[in-house]
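Colleague: build me a model:
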Amino acid sequence: MKKTIYHITLALCLLGGIGLLTLRRLDRAYPPDITTCNDHSPAVYDRHGALLHSYLTADGKRRLPPGALPAHYTALLLNYEDRRYYQHHGIDPRAVIRALGENLRGGGIRSGASTLTMQAARLIYRTPHTLSGKIRQTLRALQLETHYDKTTILRCYASLAPMGGNLEGIGSGAWYYFGKTPAELSTGEAAWLIALPQNPNRLADPDRARAARNRVLDRALKNHTINNETHHNASHEPLAPAPHPFPQHAPHYAALALKRGESRTTLDRNLQTHPPGNHPGRRRAEPPAAQQPRRAHPRQRQRRNPRLPRQRRLSRQNPPGRQQPPHRHPLARQRLKTLHHPLRAGPLPPAPAHPH
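Modeller: Numbers count the residues shown, from 1 in each chain. Predicted structure coming up:
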């Protein structure tokens, strides 16, 4: 019996050593690459740090930088997705055992054991939802935990989380749905953005959005992440995610700034949005009083162009469909010239009698 236990222990040690050597060779052959996490949309900011103009990435995504992650967003995210994020090394054995028990009792896939690191690996390397993809995702998660710290991995997930369409990351989601930066999000809005990556198309519905937000808040209250007052205020605040267009101010100047490698300008976004006369902080000038239109001076009237042929002048003066005035007739004009000629003033001589 002792020999059998010894042989089993020796075999397990050998298999473990071979596995470690294999993983090290794979790590050297396929090093981790997280450039996608830092591949943000080219953006230009004004002198106050507000977004002035943004562009799509090379792969057609709208991926704004998340900036400093808010504390309430990080707390809600870790409580909802991975409570033992800072205790495991990419794979949580407790979560694996718990997911196996729930799936066996439910007779199907009821729960997953994916950690936040595994989800970040899936977003970085676009692994499929298959058994081979799950194995690759697990290996990549171990590799990420070996080469990077927890803060970097958390920022990778916050930068690549799907928000619907070509939107990725909490920065793009916060601006598109609420017109805010991540630092300006309320607790309820942050809770909804945490649940959104699970099904972005369905959770855009207002009723489903409120239900998803409340699930995140209820779990946070259950695990004492937030108190009762915060839970009540966040669950009862109005939630109306609506599309907000991304800023596209000063496009020519923004393109020139990006060409120079500058991301910060001296412009003011408020002045680009509202002209100086219509700035919201200034009183709008009253329109001038209505004035009577002045008659144009005879010398200011359009003169006849002598270079045009006579037929073109006549066609311009008398377009088709316009009734010819009586004095425009050639004979009538000649008669008027005769009457008003300075040397022929007075009555006209009688016409000679027609000879019989």
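Colleague: dig out what Leu167 forms beta bridges with.
Modeller: Using DSSP bridges, the bridge partners assigned to Leu167 are Arg62.
Colleague: contact partners for it?
Modeller: By CB atoms under 8 Å, 6 or more residues apart in numbering, Leu167 lies in contact with Lys61, Arg62, Gly173, Tyr176. For glycine as for every other residue, the C-beta is placed from the backbone atoms N, C-alpha and C.
Colleague: any low-confidence regions in the stretch 151-300 of the chain?
Modeller: Scanning the stretch 151-300 of the chain with the threshold set as pLDDT under 70 gives 273-300.
Colleague: which element is the most centrally placed residue in the chain on?
Modeller: When CA atoms, centre = their mean is applied to the chain, the residue found nearest the centroid is Phe246 (4.7 Å). With elements delineated by DSSP states H and E, Phe246 resides in a region that no helix or strand encompasses.
Colleague: Leu193 now?
Modeller: helix 187-195.
Colleague: tell me the helix or strand right after that helix.
Modeller: In N-to-C order, the element after helix 187-195 by DSSP H and E is helix 206-222.
Colleague: which of the residues in that next one are buried?
Modeller: Ala209, Arg210, Ala212, Arg213, Asn214, Val216, Leu217, Arg219, Ala220, Leu221 (16 or more other CB atoms under 10 Å).
Colleague: circling back to that earlier point, export the helix holding Leu193 as PDB, just CAs?
Modeller: Presented in PDB, the C-alpha positions along helix 187-195 are these (Å, rounded to 0.1, in the frame of the first residue of the first chain):
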ATOM      1  CA  THR A 187     -23.900  54.500  -8.400                       C
ATOM      2  CA  GLY A 188     -27.000  53.300 -10.400                       C
ATOM      3  CA  GLU A 189     -25.500  54.200 -13.700                       C
ATOM      4  CA  ALA A 190     -22.200  52.400 -12.900                       C
ATOM      5  CA  ALA A 191     -24.200  49.300 -11.800                       C
ATOM      6  CA  TRP A 192     -26.100  49.200 -15.100                       C
ATOM      7  CA  LEU A 193     -22.800  49.500 -17.100                       C
ATOM      8  CA  ILE A 194     -21.400  46.600 -15.100                       C
ATOM      9  CA  ALA A 195     -24.300  44.400 -16.100                       C
END
